[in-house]
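Chemist: predicted model and sequence below, questions to follow.
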Amino acid sequence: MSKWRENYNVGELTQNMKLYRLEGCPYCEFVVDKLDDMGIEYDSVWVEGLHSKRDAVKRVSGQRQVPVLIDEEHGATLAESARIIEFLETTYGERAVDGDEEVEKAISKAKEKARSET
């Protein structure tokens, strides 16, 4: 079972960890999988599909791309799935369960694709 709670009102979030995400975003799902695998509780903040309307993301991170993770306990705001996953592993240790290798493969593929598109 997933450990996130769906929230639409940013003012009502209660966890120390918030993930700004977009439905259907594969990079967001990499982070969700890692959080779930590591047993880390978080709140999901669903953002607008239109890049130009992601004002909530811009307010917290200075840019409009997702995913963005806010870890209030450690005072961290991170964008980009690979950076977020690296932060989670470094900060919260290797608490991942089976399936983690698949997430790592997916991240590697995403990085390769991003490099080839530039």
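Modeler: In hand now; what should we look at?
Chemist: what's the average pLDDT for stretch 45-57?
Modeler: Here stretch 45-57 scores 94 as its mean pLDDT.
Chemist: pull up the distance across that stretch, start to finish.
Modeler: Using C-alpha to C-alpha, to the nearest Å, one end of stretch 45-57 lies 9 Å from the other.
Chemist: list the buried residues in it.
Modeler: For stretch 45-57, the neighbour count (16 or more other C-beta atoms under 10 Å) marks V45, W46, V47, R54, A56, V57 as buried. Bear in mind the C-beta positions are built from the backbone N, C-alpha and C, glycine included.
Chemist: export those residues to CSV and tack on secondary structure?
Modeler: CSV is the format used below for those (DSSP: H, G, I helix; E, B strand; the rest coil):
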residue, secondary structure
V45, strand
W46, strand
V47, coil
R54, coil
A56, helix
V57, helix
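Chemist: out of the residues you listed, the closest to I70 would be?
Modeler: V45 (8.7 Å; C-beta to C-beta).
Chemist: that's all I had, so thanks and see you.
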